[in-house]
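**Q** Have a look; sequence and predicted model below, questions after that.
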Amino acid sequence: MADIHIVQAHSLSQEQARQAAENVAGKLARDYQLACVWEGDTLRFQRSGVTGELVLSDGRAEIDVRLGFLMGAFAPVIEAKLASSMKKVFAA
């Protein structure tokens, strides 16, 4: 099992950060067929072999992803794409 943890600082309002998170979630859903649901300021997502959450707080977006055995082989590629997406949508 592989774990991915990425923290991205931002200077967005909570509403803007949530919209940015929606953009990341949309990309995740399209690229990896993930089901996403909001629970407060936490976006939880999952599919077979992948679970995770994107937590929004003041000035910070933090994503944790747990990959199952088969998806773990793609961890470096997934992590690079996530880091790029997070930087793109949250960095000013």
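**A** Perfect, I can see it now.
**Q** And Gln15, how far from Leu82?
**A** Gln isn't right for residue 15; it's Glu. Separation of Glu15 from Leu82 (Cβ to Cβ, to the nearest Å): 22 Å. Where C-beta positions appear, they are placed from N, C-alpha and C, glycine not excepted.
**Q** quick one: which of those two has more around it?
**A** Leu82 (22 against 8; other Cβ atoms under 10 Å).
**Q** Quick check, Tyr32 in contact with Arg47.
**A** Yes - using Cβ atoms under 8 Å, Tyr32 is in contact with Arg47, at 6.5 Å.
**Q** And the helices in the protein, which stretches?
**A** Along the chain, the segments classed as helices by DSSP state H run 14-32, 69-72, 75-90.
**Q** can you put the ones you listed in JSON lines and add distance to Gly52 and mean pLDDT?
**A** Below are those laid out as JSON lines (distance: least, Cβ to Cβ, whole Å; pLDDT from 0 to 100):
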{"stretch": "helix 14-32", "distance to Gly52": "9", "mean pLDDT": "84"}
{"stretch": "helix 69-72", "distance to Gly52": "11", "mean pLDDT": "90"}
{"stretch": "helix 75-90", "distance to Gly52": "9", "mean pLDDT": "90"}
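**Q** of the ones you listed, which approaches Ile4 most closely?
**A** Across these, Ile4 has its closest neighbour in helix 75-90 (4.7 Å, Cβ to Cβ).
**Q** quick one, the closest one and helix 14-32 angle?
**A** Here the directions of helix 75-90 and helix 14-32 differ by 150 degrees (axes from the mean of the first three to the mean of the last three Cα atoms, to 10 degrees).
**Q** Could you measure from the closest residue in space to Asn23 that isn't next to it in sequence over to Arg60?
**A** Spatial nearest neighbour of Asn23, excluding adjacent residues (Cβ to Cβ, 6 or more residues apart in numbering): Val89 at 4.9 Å. Distance, Val89 to Arg60, by Cβ to Cβ: 14 Å.
**Q** When these two are compared, which one has more neighbours?
**A** Val89 (20 against 13).
**Q** hang on, the more buried one packs against Ala25?
**A** No - the pair Val89 / Ala25 is not scored as a contact, 10.2 Å apart, by Cβ under 8 Å.
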